[in-house]
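[1] Please work out how this folds:
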Amino acid sequence: MSVILIIFVAIFAILISIILFKRIFNPLSFYTVIWAFIIIMFELQLIYFFPLHGLTWAFLIASFISFLLGVFTHFSAKKSNYIQFPSSNIQDETARLKRIEKVLKIVLIIFTTIGLIASLQMWYVLLGIFGSIPKVLLNSYKIYHMRHEGELVGVWPYLWMFSYFAAFLSGIYMALRGKLSWFAIISLTAIIIREIARFSRQGILVGLLEIFVSFVLMRYYLGGKRIALKFNRKHIVLATVLILSLVILAAGLIRVLRNKNEDYGGASRELQSYSGGLIISPQVYFYFASQIGVFNKFLEEDREHYPIGSSTFMPVYKFLSKIGLTDKIDTQHKGYMIPNWSNTGTYLRDIYNDYGVAGIVLVPFLLGLFLTHYWRKFFEYGKMKDLVIVHHLFVIVGISFFIFATRMLVVSLGGFLLYFFLDYLERYSEKRALPRGNN
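    Purely as a prediction, here's the structure:
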């Protein structure tokens, strides 16, 4: 019964979102699809999970309603029941975007190169420690532990973020060109190379979102402004196939390396028949369905207590602890038996840890409000700095089923750096377009 009700509410919310935003992919539809999907996965009970408590359901409902209210508050404040795409001088706007495209090509060459070298350098360090690729892959647990304890010495810090910067920019570049960009493939490959070395899948998901969201938003902008740049459907289909193939293969490899055993207690016979599958398997199902179960158990036991804002501003806390201004915080999520073991419990777990019940209501509300505000602002003015903000808010929503993404350096610090970099880049390209006498 709950599954049918969730599907009904999700369809209704998506229809409302299309009316408001005039686009299928929008803040409300994206949030709705993700959360309806993971709750339905949990409720299907293809692997047995402890049933949800009333408090868990209350928090799930309250957070969704808060997100809705954030979206509706923006429309109410703007006194408009839908978002328009204001017209502008098409010739001037086309020329501006062409200038941006040329600058992006140069930047992408630099960023993809730095990102790829940084990813390979991590492997160079690991090979120096373990001696061969097979030995690196066989020591996944040890590397995972070394990484979290800060014992993996010699890996270049921060430069790996250039792969994510390149992924974000390649989505924009591909949208402007209207065809396959190898920058997207190379940047995602660099991300995958590093994440395989880290035995982590969430970075690959973020890399995929970096490309997908920036591409879709830029194509929406071009369509809304009626800018007739070229669009090669075959190239885009090819790019989609290549990118998804890379992601699926990489995620499958990491899944096998981290946990070859798919013998989950309480798994249905139907699900067990897919053991070892690349796309559908007990482990893949558990990855999506278990998050709600962990949040449920986390609320039941109520044994975690962290400083206020320690998940939201984790990179700041880490920096302050390094210079001795705060105590070091254990950033690793504690695991729970639900009854199988798992340790990540959606972004609701993080914001509840940070702010209590107020966080469950306030954070989704602000997320919906700011997403809608910067969505409108980007489509009105087309500024790259506004695209950075709305894009990174989408990324936060995109992995909200897993963690609160501001914990990740590439989302918090990365978004901050990209904002100022693209603002400078856009002003620089506009300045170059002025006659020399006006410089």
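
[2] can you give me the helices in the stretch 251-400 of the chain?
    269-272, 282-301, 314-322, 346-355, 357-381, 384-398 (DSSP state H, counting those that start in this stretch).

[3] burial count for Tyr381?
    Using other C-beta atoms under 10 Å, the number of residues around Tyr381 comes to 11. C-betas here are computed from N, CA, C, even on glycine.

[4] now Ile110
    Neighbours of Ile110 using other C-beta under 10 Å come to 12.

[5] Looks to me like it is in a strand.
    No: counting by DSSP: H, G, I helix; E, B strand; the rest coil, Ile110 is not part of a strand but helix.

[6] Which pLDDT does the model give it?
    Here, the pLDDT recorded for Ile110 equals 95.

[7] do Glu270 as well
    Reported pLDDT for Glu270: 79.

[8] just Phe313 next, same as before
    pLDDT, read off for Phe313, is 87.

[9] Got the confidence number for the closest residue to it other than its chain neighbours?
    Distance criterion C-beta to C-beta, 6 or more residues apart in numbering; nearest residue to Phe313, sequence neighbours excluded, is Thr406 at 7.1 Å. We note a pLDDT of 91 for Thr406 in this prediction.

[10] which ones are touching Thr406?
    Ser311, Thr312, Phe313, Met314, Ile396, Ser412 (C-beta atoms under 8 Å, 6 or more residues apart in numbering).

[11] What is the burial count for the fourth one?
    It stands for Met314. 22.

[12] What of the second one?
    By other C-beta under 10 Å, the residues close to Thr312 number 21.

[13] now Lys431: how far from Leu20?
    From Lys431 across to Leu20, the span is 37 Å (C-beta to C-beta, to the nearest Å).

[14] again with Phe288
    Distance from Phe288 to Leu20, by C-beta to C-beta: 27 Å.

[15] swap in Phe319?
    In terms of C-beta to C-beta, Phe319 sits 39 Å off from Leu20.

[16] Between the two, which has more neighbouring residues?
    For Phe319 versus Leu20, neighbours defined as other C-beta under 10 Å are more numerous around Leu20 (21 against 13).

[17] can I assume that one is in contact with Lys78?
    No: in this structure Leu20 lies outside contact range of Lys78 using C-beta atoms under 8 Å: 11.1 Å.

[18] quick revisit: would you mind giving the secondary structure of the residue nearest to Phe313?
    Thr406 ends up helix, using three-state DSSP.

[19] Can I get the contacts of Thr406 in CSV including distance to Ile191?
    Listed next are the contacts of Thr406 as CSV, based on distance: C-beta to C-beta, whole Å:
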residue, distance to Ile191
Ser311, 23
Thr312, 24
Phe313, 24
Met314, 20
Ile396, 18
Ser412, 17
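
[20] closest to Leu188 among these?
    Of all the contacts of Thr406, Leu188 sits closest to Ile396, with 19.8 Å by C-beta to C-beta.

[21] Any idea how many residues pack against that closest one?
    22.

[22] For it, give me its contacts.
    Tyr347, Leu367, Phe404, Ala405, Thr406, Val411.

[23] Swap in 10 Å and give it another go.
    For Ile396, the contacting residues are 209, 347, 363, 367, 370-371, 403-406, 408, 411-412, 415, by C-beta atoms under 10 Å, 6 or more residues apart in numbering.

[24] ranking these by neighbours, who comes first?
    In terms of neighbours by other C-beta under 10 Å, these top out with Tyr347 at 28 neighbours.

[25] so who does that one touch?
    For Tyr347, the contact set (C-beta under 10 Å, 6+ apart) comprises 63, 291, 295, 311-312, 359, 363-364, 367, 396-397, 399-407.

[26] change it to 7 Å
    Listed by C-beta atoms under 7 Å, 6 or more residues apart in numbering, the contact partners of Tyr347 are Ser400, Ile403, Phe404.

[27] before we move on, the earlier item: can you lay out the contacts of Ile396 as CSV showing distance to Ser29?
    Converted to CSV, the contacts of Ile396 look like this (distance: C-beta to C-beta, whole Å):
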residue, distance to Ser29
Leu209, 15
Tyr347, 18
Val363, 20
Leu367, 14
Phe370, 17
Leu371, 11
Ile403, 22
Phe404, 21
Ala405, 19
Thr406, 23
Met408, 24
Val411, 21
Ser412, 25
Gly415, 22
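
[28] gap between Met314 and Asp330?
    Distance of Met314 to Asp330, computed by C-beta to C-beta: 11 Å.

[29] just to revisit the earlier point, for the contacts of Thr406, which one is nearest Leu217?
    Nearest member of the contacts of Thr406 to Leu217, counting by C-beta to C-beta, is Ile396, at 14.7 Å.

[30] Let's see the pLDDT reported for the closest one.
    96.

[31] Just the endpoints, please. Distance across stretch 302-322?
    For stretch 302-322, the first-to-last residue distance is 29 Å (C-alpha to C-alpha, to the nearest Å).

[32] list the contacts for Leu68?
    Contacts of Leu68 (C-beta under 7 Å, 6+ apart): Gly368.

[33] Would you mark the buried spots in the one helix or strand it maps to?
    Using DSSP states H and E, Leu68 maps to helix 54-78. Applying a neighbour-count criterion of 16 or more other C-beta atoms under 10 Å, the buried positions in helix 54-78 are 56, 59-60, 63-64, 66-72, 74-75.
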